[in-house]
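this one's structure only:
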């Protein structure tokens, strides 16, 4: 299993980091087997982290709908993250801004996928790593 997150590389560093975190948290929803266990240390405990790789790639002038279709074609778990989600103060406001809207009516800034390594590689094979 692997995750790939395609982002609009023109975003600022803080927006890229925020989008990555939001997308990863969404993809791990209901995926308990992909999270490690707590690790006891001296005087504290390390919280669980992912047991699988997370690739962060550039959208690279690809069309968001094309990337979304790639995810669907490869039967990957996917999620779309939008400017509407990143620019709201509360989750309730986010719901109001995107509820019932088509993909054309929102501003996508990232798409994340989760699946078998080979299928995720097919999704992001021609997308360069974000550095």
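Arrived safely, thanks for sending. Computed from a predicted structure; not experimentally measured.

gap between residue 38 and residue 70?
Counting by Cβ to Cβ, to the nearest Å, the gap from residue 38 to residue 70 is 36 Å. Using the backbone N, CA and C atoms, a C-beta is placed for each residue, glycine as well.

okay, these two: which has more neighbours?
residue 70 (21 against 9; other Cβ atoms under 10 Å).

Correct me if wrong: that one contacts residue 120.
No - if you go by Cβ atoms under 8 Å, residue 70 and residue 120 don't touch, sitting 10.3 Å apart.

contacting residues for residue 128?
Contacts for residue 128 were tallied using Cβ atoms under 8 Å, 6 or more residues apart in numbering; they are 57-58, 60.

ditto for residue 122
Residue 122 neighbours (Cβ under 8 Å, 6+ apart): 70, 74.

element containing it, please.
In the assignment (DSSP states H and E), residue 122 maps to helix 117-124.

That helix - what's its average pLDDT?
For helix 117-124, mean pLDDT rounds to 94.

Make residue 1 into 300 and carry on from there
Okay, using 300 as the starting number, the last item reads as helix 416-423.

So which bits of it are buried?
418-419, 421-423 (16 or more other Cβ atoms under 10 Å).

Repeat that for stretch 385-397.
385, 387, 393, 396.

Equivalent analysis for stretch 308-321, please.
Buried-residue list, stretch 308-321, by 16+ other Cβ under 10 Å: 308, 310, 314-315, 317-319, 321.

Next: stretch 362-380.
So, applying 16+ other Cβ under 10 Å, buried residues of stretch 362-380: 363, 366-367, 369-370, 373, 375-380.

Alright, calling it a day.
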